[in-house]
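> give me a 3D structure for the following:
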Amino acid sequence: MRENTKQRRPAHHQPHQYNETGAVYKDHGGKTRVCLAYPNTYRIGMSSLGFRIVYSMLNSRDDVVCERAFLPEAGWKSGARGRIFTVESQKMPSEFDIMAFSISYENDFPNVVKILRASGIPVYARDRGVGYPVLIMGGPCAFMNPEPLAEFFDVVVAAEAEAVLDELMNLCRESGNKLKLLEALKTVEGLYIPADQAASVKRRFLKDIDAPQRAGQLLTPDTEFSSMYLVEAMRGCPWRCRFCAISGIYGKPRTRSLSSMRDEIEHVRGITKKVGVVGASLTDYPHIGDLLCIEGVEFSLSSLRASRRAAEITSLIRNKKSMSIAPEAGSKRLRAVINKKITYEDIIETSRLVLMSGIAMLRLYFMIGLPTETDEDIEEMIALVREIRGFYRAGRIVLSVSAFVPKPFTPFQWHKMEQPAVITKRLKQLKDGLKRENVKVNHDALKFAYTEGLLAMGDRRLSPVIESLADGLDWRKACELHRVDPSEYIFRQKQYDEPLPWDFIDNGIEKMSLWREYSYSFSV
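Take a look at the predicted model:
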């Protein structure tokens, strides 16, 4: 198997428009054919480390050919003439044995429908016979709450890819046909067959993230990271903020050894000098200082926690133009409610050191609409940013503000979202308060937050709503069309003893422990 774009391609291949290295081209004969789909554009999909890893793992097998499909760029129209083809061989996904979606964000759910329609594949599993590919759902949304999409898929992978992928592919080879395969997959831990509506499914985690062989990684300048090789330093996070889904997705924190990281970086040094280090809280990665001292590499970090150590780590990064920290809330009280264990002093001192070091831009992440939030909390956010602004007038400060969205397997999974009118009012309060401070405030349109909340909290009754979202309706109109009350999902306080759509997933987190955390958050 060769892994470069210069190798001889199959006769049916037509050159695609992407500038990339590391793509794999194989003959399809005698192999299990997998179309790996990302429900967004090429630029976003190829920025996903998990997507890159699965592509590499599948193509490392001699008995598998894996090709990629994405949602076309803006301006593309779905419909009978708007067809989707794989990047590598320009085949339609309907020609493959398996179509596997990697789904990271709830707002991409409607794009699943768009891609299936453009692939000539019926959207609902019940409408697909044996002549269509087996549709598999994987990625973080499959770990958290796959139910809004469950009726579209044949199989849901509630497991980390490295823990289950070889077993799944072996069964594909052995089963011979679609019906036998689905029957065989019922016995595999971490897999869920939505048609059965099983009582429970146990998550599978990779115990040792040093263990997998990293077979290479596809690189392209047409991503958010621009030809950067991504290397994973850790999974999970030790801090357990009450709003954050990281613990629900990745379980207990696991870190890689320095030697394993060095070996992987050395392997790609001849391909690219740009390496992005990925982890939820890299300030807590024990070998981060030693890693950043590797010569001849231009490092970028995904996230740092506000602390003096974060500023020290930043000083080790060459050619660093920006840094991000996430206070999340402006007041000490509200940070205690969400269990964000950083102090006012941590935020101020880290920001001061970053700005005084000459870094051109400091990005601060905040949320609005958090449980128990008041107008006074927004005023404290404004005061905090004003003080940071005062350290160094030349540096750029950008606020990235998002509306709070409750997520499964977090203590706030029972909490409601704030009403749009309140969020709009507080965003205006924030912008007005910083108008004269040379601070830019960025936020997405609120419709995206409420769509995300609806789909994160939803169940199978949302299947037709997702279809209408794919047709271009907004979340309110889509719900109205199908007589679904969105308040039931996102504007209603939930109780401990009521069933939640994702209760059937056993990911090792006790529901009662989450409820205790939720209850405690109101007493701090």
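> least trustworthy helix or strand in the chain by mean pLDDT?
The weakest-scoring helix or strand in the chain, judged by mean pLDDT, DSSP states H and E, is helix 308-315 (a mean of 80).
> from the chain's centroid, how far away is stretch 371-389?
Remark: stretch 371-389 is offset 28 Å from the chain centroid, using Cα atoms, centre = their mean, to the nearest Å.
> only alpha carbons, please: show the helix or strand following the least confident helix or strand of the chain as PDB.
Sequence order places strand 322-328 as the next helix or strand after helix 308-315, per DSSP states H and E. Extracted in PDB, the C-alpha atoms of strand 322-328 (Å, rounded to 0.1, in the frame of the first residue of the first chain):
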ATOM      1  CA  SER A 322      -2.300  33.900  19.600                       C
ATOM      2  CA  MET A 323      -3.400  32.200  22.800                       C
ATOM      3  CA  SER A 324      -6.700  31.100  24.100                       C
ATOM      4  CA  ILE A 325      -7.900  30.700  27.700                       C
ATOM      5  CA  ALA A 326     -11.400  30.000  28.900                       C
ATOM      6  CA  PRO A 327     -12.700  31.800  32.000                       C
ATOM      7  CA  GLU A 328     -16.300  30.700  30.900                       C
END
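> may I see the buried residues of strand 322-328?
Buried residues in strand 322-328, counted by 16 or more other Cβ atoms under 10 Å: 323-328. Backbone N, C-alpha and C define where each C-beta goes, glycine included.
> who's in contact with it?
By Cβ atoms under 8 Å, 6 or more residues apart in numbering, the residues outside strand 322-328 that reach it are 241, 243, 303-306, 310, 314, 335, 338, 340, 342, 347, 350-351, 354, 359-367, 370, 384.
> among the residues you listed, the buried ones, what's the ChimeraX command?
Here is the ChimeraX command that selects the buried residues among those (16+ other Cβ under 10 Å):
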select :241,243,303,304,305,306,310,314,335,338,340,342,347,350,351,354,359,362,363,364,366,367,370,384
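> among the contacts of strand 322-328, which ones are in helices?
When helices are assigned by DSSP state H, the members of the contacts of strand 322-328 inside them are 310, 314, 335, 347, 350-351, 354, 384.
> which pair of the residues you listed spans the longest distance?
Largest separation among the ones in helices among the contacts of strand 322-328 by Cβ to Cβ: 314 and 335, giving 22.0 Å.
> got the domain boundaries for the protein?
32-202, 229-443+494-521 (automatic domain parsing).
> residue 521 - nearest residue in space that isn't next to it in sequence?
Once flanking residues are discounted, residue 521 sits nearest to residue 337: 5.1 Å by Cβ to Cβ, 6 or more residues apart in numbering.
> who's in contact with the one you found?
Going by Cβ under 8 Å, 6+ apart, residue 337 touches 242, 329, 370-372, 521-522, 524.
> equivalent analysis for residue 517, please.
With Cβ under 8 Å, 6+ apart, residue 517 has these contacts: 242, 339, 411.
> alpha carbons of the host helix or strand of residue 68, as CSV, please.
Using DSSP H and E, the element containing residue 68 is strand 64-70. As requested, the backbone C-alpha atoms of strand 64-70 are provided in CSV (Å, rounded to 0.1, in the frame of the first residue of the first chain):
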residue,chain,number,x,y,z
VAL,A,64,-10.2,-2.7,3.3
VAL,A,65,-10.4,0.3,1.0
CYS,A,66,-11.6,3.5,2.7
GLU,A,67,-12.5,6.6,0.8
ARG,A,68,-13.9,10.0,2.0
ALA,A,69,-17.0,12.0,1.3
PHE,A,70,-17.9,15.4,2.6
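> any idea of the mean pLDDT in it?
Averaging pLDDT along strand 64-70 yields 97.
> show me where the stretch 401-524 of the chain has strands.
Assigned by DSSP state E, counting those that start in this stretch, the strands in the stretch 401-524 of the chain fall at 439-442, 505-506.
> distance check, residue 85 against residue 142.
25 Å (Cβ to Cβ, to the nearest Å).
> closest to residue 493 among the contacts of residue 517?
Closest to residue 493 out of those is residue 411 (13.8 Å), distances taken as Cβ to Cβ.
> let me see the contact set for the closest one.
242, 339, 514-515, 517-518, 521.
> of the residues you listed, which pair is most distant in space?
So, those by Cβ to Cβ: farthest apart are 339 and 515, at 14.5 Å.
> wait, residue 134 sits on residue 156?
No: applying Cβ atoms under 8 Å as the test, residue 134 and residue 156 come out as separate, 11.9 Å apart.
> which stretches of the stretch 101-250 of the chain have low pLDDT?
198, 213-216 (pLDDT under 70).
> strands of that one, residue ranges please.
134-138, 155-157, 191-192, 201-202, 229-232, 234-235.
> with mean neighbour count and distance to residue 69 added, can I get those in TSV?
Shown next, in TSV, are these (neighbours: other Cβ atoms under 10 Å; distance: least, Cβ to Cβ, whole Å):
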stretch	mean neighbour count	distance to residue 69
strand 134-138	24	13
strand 155-157	25	18
strand 191-192	24	22
strand 201-202	17	27
strand 229-232	22	21
strand 234-235	22	27
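> out of these, nearest to residue 149?
Across those, residue 149 has its closest neighbour in strand 134-138 (6.2 Å, Cβ to Cβ).
> can you dump the C-alpha atoms of the closest one in PDB for me?
Taking C-alpha atoms only, strand 134-138 is exported to PDB below (Å, rounded to 0.1, in the frame of the first residue of the first chain):
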ATOM      1  CA  VAL A 134     -24.600  -0.700   6.000                       C
ATOM      2  CA  LEU A 135     -24.900   2.800   7.600                       C
ATOM      3  CA  ILE A 136     -22.700   3.200  10.800                       C
ATOM      4  CA  MET A 137     -22.700   6.200  13.100                       C
ATOM      5  CA  GLY A 138     -19.600   7.000  15.100                       C
END
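> starting at the chain centroid, how far to it?
17 Å.
> same deal with stretch 458-476?
20 Å.
> now that stretch: mean pLDDT?
Per-residue pLDDT over stretch 458-476 has a mean of 97.
> and that stretch, which residues are buried?
Applying 16+ other Cβ under 10 Å to stretch 458-476 flags 458-459, 461-470, 473, 475 as buried.
> need the contact partners of it.
With contact meaning Cβ under 8 Å, 6+ apart, stretch 458-476 is reached by 78, 109-114, 117, 123-124, 145, 147-152, 447, 450-451, 454-455, 477-479, 481-482, 484, 486, 489, 501.
> which of those fall within helices?
Those of those mapping onto helices are 109-114, 117, 447, 450-451, 454-455, 477-479, 481, 489, per DSSP H.
> ok, residue 234 touching residue 254?
Yes: using Cβ under 8 Å, residue 234 is in contact with residue 254, at 6.5 Å.
> which helices and strands does the strand holding residue 68 pack with?
strand 32-38, helix 42-45, helix 49-59 (3 or more Cβ pairs under 8 Å, 6 or more residues apart in numbering; DSSP states H and E).
> out of the ones you listed, deepest packed?
With neighbours taken as mean count of other Cβ atoms under 10 Å, these reach their highest mean count in strand 32-38, at a mean of 25.
> which elements pack onto that strand?
helix 49-59, strand 64-70, strand 98-102, helix 161-175.
> and those as JSON lines, adding distance to residue 436?
Formatted as JSON lines, the helices and strands packed on strand 32-38 follow (distance: least, Cβ to Cβ, whole Å):
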{"stretch": "helix 49-59", "distance to residue 436": "40"}
{"stretch": "strand 64-70", "distance to residue 436": "43"}
{"stretch": "strand 98-102", "distance to residue 436": "44"}
{"stretch": "helix 161-175", "distance to residue 436": "49"}
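> closest to residue 221 out of those?
helix 49-59 (14.6 Å).
> kindly export the closest one (C-alpha atoms) in PDB.
Taking Å, rounded to 0.1, in the frame of the first residue of the first chain, the C-alpha atoms of helix 49-59 are listed here in PDB:
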ATOM      1  CA  LEU A  49      -8.100  14.300  14.300                       C
ATOM      2  CA  GLY A  50     -10.600  11.400  14.900                       C
ATOM      3  CA  PHE A  51     -11.700  11.400  11.300                       C
ATOM      4  CA  ARG A  52      -8.000  11.300  10.100                       C
ATOM      5  CA  ILE A  53      -7.200   8.500  12.500                       C
ATOM      6  CA  VAL A  54     -10.100   6.300  11.400                       C
ATOM      7  CA  TYR A  55      -9.200   6.800   7.700                       C
ATOM      8  CA  SER A  56      -5.600   5.800   8.400                       C
ATOM      9  CA  MET A  57      -6.600   2.800  10.500                       C
ATOM     10  CA  LEU A  58      -9.000   1.400   7.900                       C
ATOM     11  CA  ASN A  59      -6.600   1.900   5.000                       C
END
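> this completes my enquiry, with thanks.
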